[in-house]
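Participant: Structure for the following, please:
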Amino acid sequence: MTFLSKLLMVSSALVVISGAPAYAQTSPAPKTVAQLEADLRQQTTVASNARQEVERLRAELALKDELIALGVQRNAELYAIASEIADKGLSKHSLEPFVQAQRVKMENLKQSYEDRLRAARVYDTTLPPSVQARMEQDLAKPKTDGAGSE
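Facilitator: Predicted coordinates for the structure are as follows:
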């Protein structure tokens, strides 16, 4: 069964279902098979574009969800670091008696906390973990150029 015969069969079935006489003209000019095929191609293209847009939006949503999950995780890390600092009482005033004896140790500890806080923070340029891992894998691959080996 060819496409045209299927199309004619479907259109005649629609006419029968609708109850209209088969050859009654309800529109000013009946569409030809070529016009119907063109309409079908156009609608197929529209549907295909819509599917692609949905897939793109789903991928974008997945990346946003990944960033949200990362933000939640990092927020928990930041809270743990802040709690640890509060428990140790590392305020400027509590360091006064130890400044001379353990100044370097305290500076290193302070720098360690600052480094951990910076590492856990989510910036507007922070990549989702899956994208970051893919980039690291791509960077780890040995690069070969067309110049040949030495």
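Participant: Let me know the secondary structure of Gln111.
Facilitator: helix (DSSP: H, G, I helix; E, B strand; the rest coil).
Participant: Now do the contacts for it.
Facilitator: For Gln111, the contact set (C-beta atoms under 8 Å, 6 or more residues apart in numbering) is empty. Every C-beta, even on glycine, is put in place using the N, C-alpha and C of the backbone.
Participant: And it, how far from Val104?
Facilitator: From Gln111 over to Val104 the distance is 10 Å, taken as C-beta to C-beta, to the nearest Å.
Participant: do Tyr113 as well
Facilitator: 15 Å.
Participant: So the two - more neighbours on which side?
Facilitator: Tyr113 (16 against 8; other C-beta atoms under 10 Å).
Participant: isn't that one right up against Ala80?
Facilitator: No: contact criterion C-beta atoms under 8 Å: Tyr113 and Ala80 do not qualify, at 11.3 Å.
Participant: can you list residues touching both of these two?
Facilitator: By C-beta under 8 Å, 6+ apart, no residue touches both Tyr113 and Ala80.
Participant: what are the ranges of the helices in this protein?
Facilitator: Taking DSSP state H as the criterion, the chain carries its helices at 3-18, 33-88, 99-120, 129-140.
Participant: how many degrees apart are the shortest one and helix 33-88 in direction?
Facilitator: Helix 129-140 and helix 33-88 are oriented at 90 degrees to each other (axes from the mean of the first three to the mean of the last three C-alpha atoms, to 10 degrees).
Participant: Give the rounded mean pLDDT of helix 129-140.
Facilitator: Averaged across helix 129-140, the pLDDT comes to 85.
Participant: Kind regards, and thank you for your time.
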